[in-house]
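Student: need a structure here:
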Amino acid sequence: MFCSDTPRSEFFADFIGFGRVMLKMQNGKGSKGRRLPFPLGFKLMPSSIMGAIFLVLWSEVAKGHLDKIDKTLLLAFRSMKNSDLLVGPGWLPQVVRNVSFLGDSIFLIFVILAVSGFLIAKRAYLNAFLLSALSMGGFWIISLSKDFFGRPRPSIVEYLSVPNSASFPSGHAANSTIVYILIAVALFKIVPGKYARVCLLSGAFILAALIGISRIALGVHWPSDVLGGWIFGLGWCCLWFLKDSIPDSPTAFSRYSSKQAR
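Tutor: Have a look, this model is predicted:
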């Protein structure tokens, strides 16, 4: 993140210099066909692995290998006497809807804006940019993925919420995983105290898990849809590791520029 005592004029000057270096590299100047450095490729491995797992999961779903497990887990949330009723007290369906709302894309956008504003106030400009860019990029890819895979919604139980898109992967599960975990990571060094940071990360994972489970309980997603959303979300969050490859202070910009100019 940017140093709080860094003058803005110096930052933008270094930013422009860094842009020129990157432009020269892209055009082949100042670099003789260099390949991406190994550390960068290494940092992409977690996302690549999660992406491969995601595709394997879809392959199993498309072949129908998970149909029995999906139906068993989905019906486990419903009354044995009436599959249209959720197991538990009468107030539980509303609680589940409220938890599910925390993963709604419109609500998440407001959360992103609020946290990004806080990060900007703390002069953590790069964190604010990455949080917004990665979150919105993830939203877009999930929307395209739903249209591409086109899996129908479950039809064996009554919906306790109104779905408006295809089933795989779960947008609520994926988007909430992306947003809440990225928020925890973006705020990690800002929040004081070891235990507070542990609670921040733990809370993000628990919240994403509860939102995914709520989609199954509402009957609008198969369990494999939610699992796919979690896997995609975690893989997308791993792109944050690339942050260390982006110079985030004038000193880092200067060091990067001088290194590439050799």
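Student: gap between the two ends of stretch 69-86?
Tutor: Length of stretch 69-86, first residue to last, C-alpha to C-alpha, to the nearest Å: 19 Å.
Student: what sits up against it?
Tutor: 87, 92-93, 96, 154, 156-158, 160, 216-217, 219, 222-224 (C-beta atoms under 8 Å, 6 or more residues apart in numbering). Using the backbone N, CA and C atoms, a C-beta is placed for each residue, glycine as well.
Student: stretch 214-227 too?
Tutor: 57, 60-61, 66, 69-70, 73-74, 77-78, 86, 93, 96-97, 99-100, 103, 151, 153-154, 157-161, 163, 167-170, 172-173, 212-213.
Student: list the buried residues in the strand or helix carrying Ser48.
Tutor: Per DSSP states H and E, Ser48 falls inside helix 45-63. Neighbour-count burial for helix 45-63, counted by 16 or more other C-beta atoms under 10 Å, picks out 46-47, 50-51, 53-54, 57-58, 61.
Student: repeat for stretch 191-209
Tutor: Under 16+ other C-beta under 10 Å, the buried positions of stretch 191-209 are 197, 200-201, 204, 207-208.
Student: with just CA atoms, put it into PDB.
Tutor: This file holds the C-alpha atoms of stretch 191-209, laid out as PDB (Å, rounded to 0.1, in the frame of the first residue of the first chain):
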ATOM      1  CA  VAL A 191      -6.600  -3.700  11.200                       C
ATOM      2  CA  PRO A 192      -4.400  -3.600  14.400                       C
ATOM      3  CA  GLY A 193      -3.800  -6.700  16.400                       C
ATOM      4  CA  LYS A 194      -3.100 -10.300  15.600                       C
ATOM      5  CA  TYR A 195      -6.400 -11.700  16.900                       C
ATOM      6  CA  ALA A 196      -8.400  -9.000  15.200                       C
ATOM      7  CA  ARG A 197      -6.800 -10.000  11.900                       C
ATOM      8  CA  VAL A 198      -7.500 -13.700  12.500                       C
ATOM      9  CA  CYS A 199     -11.100 -12.800  13.300                       C
ATOM     10  CA  LEU A 200     -11.400 -10.700  10.100                       C
ATOM     11  CA  LEU A 201     -10.200 -13.600   7.900                       C
ATOM     12  CA  SER A 202     -12.200 -16.200   9.700                       C
ATOM     13  CA  GLY A 203     -15.300 -14.100   9.600                       C
ATOM     14  CA  ALA A 204     -14.900 -13.700   5.800                       C
ATOM     15  CA  PHE A 205     -14.700 -17.400   5.200                       C
ATOM     16  CA  ILE A 206     -17.600 -18.200   7.600                       C
ATOM     17  CA  LEU A 207     -19.800 -15.600   6.000                       C
ATOM     18  CA  ALA A 208     -19.100 -16.900   2.500                       C
ATOM     19  CA  ALA A 209     -19.800 -20.400   3.700                       C
END
